[in-house]
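>>> The sequence and its predicted three-dimensional model are supplied below.
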Amino acid sequence: MIDLSIQGPDKTPIGSPVQASKKTSEAQGGEASFGEVLKESISEVNRLQEEADGAVQSLASGQTTNLHETMIALEKADISFRLMMQVRNKILDAYQEIMRTQL
């Protein structure tokens, strides 16, 4: 299978939770907490959403005529949002499973 992911200079996929945790770990000199990784991932999804909005605005106003780049930005934002929602669903399922556990 062909790997089509976009990679940064350290060969980790750009915008991945692994990359976000590496940034936090490097900044603090230690391990990043789960909450920090989630927070950074959510801010990355937000950044992609804002980038897609900007691309649509510039296409609608006639500042750019490159439909391909606009569609790519929209799809990146959509895929990252769907991934974030799946991660949220898994976290909620795990929480509910823990709450059902009898002591």
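Sure thing, it's come through.

>>> contacting residues for residue 81?
45, 48, 49 (Cβ atoms under 8 Å, 6 or more residues apart in numbering). Every residue, glycine included, has its C-beta placed from N, CA and C.

>>> Off-centre distance for the top helix by length along the chain?
Longest helix in the chain, counting residues (DSSP state H): helix 67-100. Counting by Cα atoms, centre = their mean, to the nearest Å, helix 67-100 is centred 8 Å from the centre of its parent chain.

>>> so what's the backbone phi/psi at the most centrally placed residue in the chain?
For the chain, the residue nearest the mean C-alpha position is residue 45 (4.2 Å; Cα atoms, centre = their mean). Per-residue torsions, residue 45: phi -60, psi -40 (degrees, to the nearest 10).

>>> what's the answer for residue 36, then?
phi -70, psi -40.

>>> burial of it, as a residue count?
For residue 36, the neighbour count with other Cβ atoms under 10 Å is 17.

>>> do you know how far it is from residue 100?
28 Å (Cβ to Cβ, to the nearest Å).

>>> picking up where we left off before, list just the nearest of the contacts of residue 81 to residue 87.
residue 45 (10.1 Å; Cβ to Cβ).
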